[in-house]
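Novice: Give me a 3D structure for the following:
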Amino acid sequence: MTTIHNIPFADIETGMQRQYSKTLTERDLLLFSETSGDYNPVHLDAQYAATTAFGERIAHGMWSGALISAAIATTLPGPGSVYRSQTLKFSRPVKLGDTITITLTVSDKKDRVKLVTLECEGRNQHGDVVVKGEAEVIASAESLSFEI
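Specialist: Numbers count the residues shown, from 1 in each chain. I've put the predicted structure just below:
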């Protein structure tokens with residue numbers, strides 16, 4: 001088991017950064033399709049995907065969005081945070097075996113509601129941006145830890 005800790009609102013500073021990485025596997029594609037109900041053949045059918053501009057199967061765009069959610073839930077602000085909004089722009093496809101590293105950077109804080117604005121960027125193992133956006137998250141006021 002691993003213990004994850006949050007960063008309470010009072011300890012969050014503008015410019016603070018955290019990262020989260022994950023490699024896309026066949027299992028990820030299948031589980032994401034099942035969970036989301038998105039069975040687009042560009043994700044699941046190698047023969048079909050070979051006929052597209054991508055030339056091979058690619059991840060669902062929202063798989064990268066889900067990595068941002070995971071980064072928020074586990075690193076910054078971490079457990080106890082509430083995801084309020086997200087903008088996303090998908091720049092490049094994510095392919096099987098790609099490792100995506102999400103970088104979250106605090107760009108603003110609003111004390112009244114404990115709102116943290118995060119610049120979100122995902123890069124593949126080659127350093128190419130695959131997803132970029134901005135999230136608003138309500139951070140916990142208290143320090144929390146959880147076993148995962």
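
Novice: Might you report the residue contacts of residue 48?
Specialist: Shown in contact with residue 48 (Cβ atoms under 8 Å, 6 or more residues apart in numbering): 41-42. For every residue, glycine as well, the C-beta is placed using N, CA and C.

Novice: Spell out the secondary structure type for it.
Specialist: Using DSSP: H, G, I helix; E, B strand; the rest coil, the structure places residue 48 in helix.

Novice: per-residue confidence at it?
Specialist: Residue 48 carries a pLDDT score of 98 in this model.

Novice: I'd like to know how far it sits from residue 42.
Specialist: Plainly put, residue 48 is 7 Å away from residue 42 if you go by Cβ to Cβ, to the nearest Å.

Novice: after the lengthiest helix in the chain comes which helix or strand?
Specialist: Longest helix of the chain, by residue count under DSSP state H: helix 61-74. Next along the chain after helix 61-74, taking DSSP states H and E as the criterion, comes strand 82-90.
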